[in-house]
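> what would the 3D arrangement of this be:
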Amino acid sequence: MFWFKRKEIVIDCFVTNPVIEKFQPIAPAYNFFPEGWKTLPKTVNIKVHENNDPNSKIEAPLSTIKKCIGIQHLFSNGFIIPAWAAFHIEIQKTGKLMYASPAEFQVDQHPTYQFWDGLYDGYGHAKISSPWIIHEKSGVSFTWNQCDWHNTKNADICKIVSGVLDFKYQHQSNINMFVKKDSVYSANAGDPLVHLIPISEKNVKIKTHLVDINEIRKLDHLPAQYSNQYNTIKRKTIEQETKKCPFGFGK
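Residues are numbered from 1 along each chain as shown. Just a heads-up that it's a prediction; the model follows:
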């Protein structure tokens with residue numbers, strides 16, 4: 001019998017801030033198991049009332065959520081982008097965005113005409129500009145998910161929206177969310193924000209790189225356009241790769 005090691009998906013993550021690269025790096029999801037999950041026992045002894053007798057001394061071990069295969073597999077796949085700084089995002093009753101952070105931090109807001117009526121009614125949009133530029137060569141797609149098992153005290157305040165994207169034809173990792181109006185969403189540095197899972201069975205390998213501002217501008221070289229930016233970049237990249245092959249089959 002032959003055993004073959006699964007190929008890896010290499011994720012190169014670039015940032016200019018050495019504090020972020022050292023203390024709040026992008027990392028595999030298994031580094032972010034919730035603290036409560038770590039200390040939870042796999043089973044708990046529950047009294048079984050024989051014939052509904054509360055005085056029964058019979059106990060049976062019953063499984064806790066720590067044995068949940070769904071959670072185990074969730075944190076065995078993909079990688080997580082944690083908050084690179086503590087921050088507060090407020091959406092006022094009018095929908096106006098306010099934010100504060102002790103570090104360099106930027107939050108923008110898309111105008112309401114870009115959304116359909118009724119989308120997250122009672123919430124306002126906010127987009128956090130991520131300092132990370134991400135590259136991946138194969139073009140594999142990743143699902144983009146909220147970290148539902150963390151910061152649950154804010155579950156009704158903030159909704160980080162899902163999506164599917166790749167890091168071959170675009171390299172940004174900005175975080176879109178909807179925050180409840182008349183509320184403040186707060187996070188600490190290191191709190192998990194988004195969980196990216198590859199649509200692939202290959203293992204993920206994370207490499208973080210500290211670069212200067214000039215280098216990161218080269219790495220995020222997408223030109224500004226009003227619309228269809230992704231499709232334009234993808235088409236031109238495929239054309240360039242095809243030209244490199246003498247038989248026209250691409251790279």
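
> from now on I want contacts and neighbour counts done on CA atoms only, so please keep to that.
Noted.

> so Ala85, which of the three states?
coil (DSSP: H, G, I helix; E, B strand; the rest coil).

> residues in contact with stretch 142-151?
For stretch 142-151, contacts defined as Cα atoms under 8 Å, 6 or more residues apart in numbering pick out 34, 155, 159-166, 187, 191-199.

> meant to ask about stretch 163-178, not that
So stretch 163-178 is contacted by 120, 123-145, 158-161, 194, 219-220, 222, 230, 233-234, 237 (Cα under 8 Å, 6+ apart).

> pull out the buried members of those residues.
Buried residues within these, counting neighbours by 16 or more other Cα atoms under 10 Å: 123-128, 130-136, 141-145, 158-160, 194, 219-220, 222, 233.

> re earlier: so which of the contacts of stretch 163-178 sit within strands?
123-128, 133-135, 142-145, 158-160, 194 (DSSP state E).

> what pLDDT does the nearest residue to Val194 once chain neighbours are set aside get?
Using Cα to Cα, 6 or more residues apart in numbering and skipping residues adjacent in sequence, the residue nearest Val194 is Gln146, 4.9 Å away. On the pLDDT scale, Gln146 is placed at 97.

> how deep is Gln146 tucked in, by neighbour count?
Taking other Cα atoms under 10 Å as the criterion, the count of residues near Gln146 is 20.

> next, the contact list for Pro82, please.
Gln24, Pro25, Ile26, Ala189, Gly190, Asp191, Pro192, Leu193, Val194.

> name the element the fourth one belongs to?
Spelled out, that is Ala189. Using DSSP states H and E, Ala189 falls within no helix or strand.
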